[in-house]
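**Q** Sharing a model that was predicted from the sequence below.
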Amino acid sequence: MSVALTDPPGPKLSLIAQLVYRPGFGNPLEFFTRIARTYGDIVSYRMGGEHLFLVNDWQHIREILVTNNRNFTKSRGLERSKRLLGRGLLTSEGAFHLRHRRLMQPAFHRERIAGYGQTMVEYADRMRNAWTDGATLDLAREMNRLTLSIVGKTLFDADVESQAAEVGDALTGVIESFWMMMLPLADVLERLPVPRMRRARIARARLDAIIYGMIAERRASGRDHGDLLSMLLSAQDEDDGGVMTDQQVRDEAMTIFLAGHETTANAMTWTWYLLGGAPDVEAKVHEEIDRVLKGRLPATEDLRLLPYVERVVTESMRLYPPAWIIGRRAIADYPLGPYIAPAQSILIMSPYIIQRDPRYYSEPERFNPDRWTPEFRAALPKFVYFPFGGGPRQCIGESFAWMELVLLVATIAQRWQLRLVPGHPVVPQPLVTLRAKHGMKMTVHERRAPLLAAERRAPLDGGT
């Protein structure tokens, strides 16, 4: 193997930053954007005692995530996150990860997902019916509550709607501590009376109580609900035929609860923010919804008839991809063009950065769903738009998320217009996912488009 004589260009950080600083404390979005624009497609820097490379070239990204994926593991930071998530799909590696992914895959097959559509719409309809004209709501909190209820019902056949606010707050507590868990001294921090860590411990205990309660109830009933939880409980080890322990089931359930609702909730929150600031785009959304649905609620069969709504979601996730950063650790020295990434160095790829690259997107900071023509999609390299990652670790719930996003936008926008409260600060917060730091305070205004009451489905509980 040839040896690079010099590192790629990059910022020269202070000794303190090189030794102790970690992304997540400061403004990583601004930092990554600046160094990508300043130094190019491969940027080298040292931070927090690590040698890191920001990779902003789609061909290298494809090789790292797909072609040469076996040359990498996930970073040590994610290894440390097992304190919160356990050994689930997000944190596991190798044969264990492959086995569990194969085990869980049937729950996310397109045919199975199609059956979840009605539940998604019913929960969204229930939420929109509870809103009042002119009310001010935190859409980040509303969307978290909605997507959590949907994940609970579709994948675990559990009605967590009454607990959604509590569970959502607990998950938020876990997420906000995630970056601290990735620090080299996380073991020490976890034992100290740090308020954020204390809240995370309480939140984790509450989530564990809920998930273990679901597991105990399902084991006691012995009934196969045909959902993901039943699949996990009935799974047998290929070697000894043993079933998964409660701890193993808990770890996978915790991962799905976190990843399955948090990413979609954030994507929905950013979509409402963008739509609220683009009345011309919103008008096209309403025109398509009214023309296609004619007042009835959407169904899975309508997805192909709502291409503009899909474009809106696509563009929203271009600007604000929930999974804004992906990291891999090189197992051995790895060639990056004319350079070498040393063994144990970390390679960072950011959908947020490359999806705003002016080489691929004209007016990259502009919210423009009209750019997503079939011709534009066909010409766009695969890893210039990858909000769900790629390769064997690509998001297992991608199809689930796409269907959910389009159906929720169609259901809620059919009845409501949303506008940002004047003066409300909108600050992206790059934690595990890209959240709105101060929530998203919006005023909801009821539309006057006709709703055909006779064609509307009954509420979930059959009540009035």
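**A** It's in. Numbers count the residues shown, from 1 in each chain.
**Q** Leaving out sequence neighbours, find the closest residue to L434.
**A** Among residues not flanking L434 along the chain, W324 sits closest, at 4.3 Å (Cβ to Cβ, 6 or more residues apart in numbering). Using the backbone N, CA and C atoms, a C-beta is placed for each residue, glycine as well.
**Q** Next one: that neighbour from T33, what distance?
**A** For W324, the distance to T33 equals 11 Å [Cβ to Cβ, to the nearest Å].
**Q** what about the two, which has more around it?
**A** Neighbour count, other Cβ atoms under 10 Å: between W324 and T33, W324 has more, with 23 against 15.
**Q** Quick check: which element contains that one?
**A** Of the helices and strands defined by DSSP states H and E, none includes W324.
**Q** Over to it: give its phi and psi.
**A** The phi/psi pair for W324 (degrees, to the nearest 10) reads phi -80, psi -10.
**Q** and what of the one 4 residues further on?
**A** When read as degrees, to the nearest 10, the backbone of R328 gives phi -140, psi 150.
**Q** thought it was touching N68?
**A** No: if you go by Cβ atoms under 8 Å, R328 and N68 don't touch, sitting 9.9 Å apart.
**Q** Compare neighbour counts for those two and give me the winner.
**A** Ranked by neighbour count (other Cβ under 10 Å), R328 and N68 place R328 first, with 26 against 16.
**Q** quick one, what contacts the residue nearest to L434?
**A** By Cβ atoms under 8 Å, 6 or more residues apart in numbering, the residues touching W324 are 29, 350-352, 430, 433-434.
**Q** what do you get for Y320?
**A** Neighbour list for Y320: 266-267, 270, 274, 352, 428, 434 [criterion: Cβ under 8 Å, 6+ apart].
**Q** Show me which pair in those residues is furthest apart.
**A** Pairwise distances across the contacts of Y320 (Cβ to Cβ) peak at 14.7 Å, for the pair L274 and Y352.
**Q** Those two - which one has more neighbours?
**A** Neighbours per residue (other Cβ under 10 Å) separate L274 from Y352, with Y352 holding more: 22 against 18.
**Q** Skipping adjacent residues, who's closest to that one in space?
**A** W324 (4.2 Å).
**Q** Poorly predicted segments of this structure, please.
**A** Along the chain, the model assigns pLDDT under 70 to residues 1-6, 15-26, 75-81, 83, 164, 176-194, 196, 236-242, 449-464.
**Q** can you point me to the longest helix in it?
**A** Longest helix in the chain by number of residues, with DSSP state H as the criterion: helix 246-276.
**Q** Now for R328 and N68: what residues contact both?
**A** Shared contacts of R328 and N68 (Cβ under 8 Å, 6+ apart): none.
**Q** residue contacts, the residue nearest the centre of the chain?
**A** Geometric centre of the chain, nearest residue: T263, 2.5 Å, by Cα atoms, centre = their mean. Taking Cβ under 8 Å, 6+ apart, we find T263 in contact with 322-323, 395, 401, 433.
**Q** so which of those is the most crowded?
**A** Of all those, P322 has the most neighbours under the rule other Cβ under 10 Å, reaching 25 neighbours.
**Q** ok, that one to L137 distance?
**A** Following Cβ to Cβ, the distance that separates P322 from L137 is 20 Å.
**Q** just K12 next, same as before
**A** 46 Å.
**Q** of the two, who's got more company?
**A** L137 (19 against 8).
**Q** what helix or strand is that one on?
**A** strand 136-138.
**Q** Disregarding residues adjacent in the polypeptide, which is nearest to L52?
**A** Nearest non-adjacent residue to L52, counting by Cβ to Cβ, 6+ apart: I346, 4.8 Å away.
**Q** Please report the number of neighbouring residues for the one you found.
**A** Residues lying near I346 (other Cβ under 10 Å) number 21.
**Q** ok, now T73?
**A** Considering only other Cβ under 10 Å, T73 is surrounded by 16 other residues.
**Q** wait, it sits on I331?
**A** Yes: using Cβ under 8 Å, T73 is in contact with I331, at 6.3 Å.
**Q** Include distance to A170 and secondary structure when you put the contacts of W324 into a markdown table, please.
**A** Output for those, formatted as a markdown table (distance: Cβ to Cβ, whole Å; DSSP: H, G, I helix; E, B strand; the rest coil):
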| residue | distance to A170 | secondary structure |
| --- | --- | --- |
| L29 | 26 | helix |
| S350 | 28 | coil |
| P351 | 27 | helix |
| Y352 | 27 | helix |
| P430 | 21 | strand |
| T433 | 16 | coil |
| L434 | 20 | strand |
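**Q** before we move on, the earlier item: could the contacts of T263 go into JSON lines alongside distance to H100?
**A** JSON lines is the format used below for the contacts of T263 (distance: Cβ to Cβ, whole Å):
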{"residue": "P322", "distance to H100": "22"}
{"residue": "A323", "distance to H100": "19"}
{"residue": "C395", "distance to H100": "15"}
{"residue": "A401", "distance to H100": "19"}
{"residue": "T433", "distance to H100": "21"}
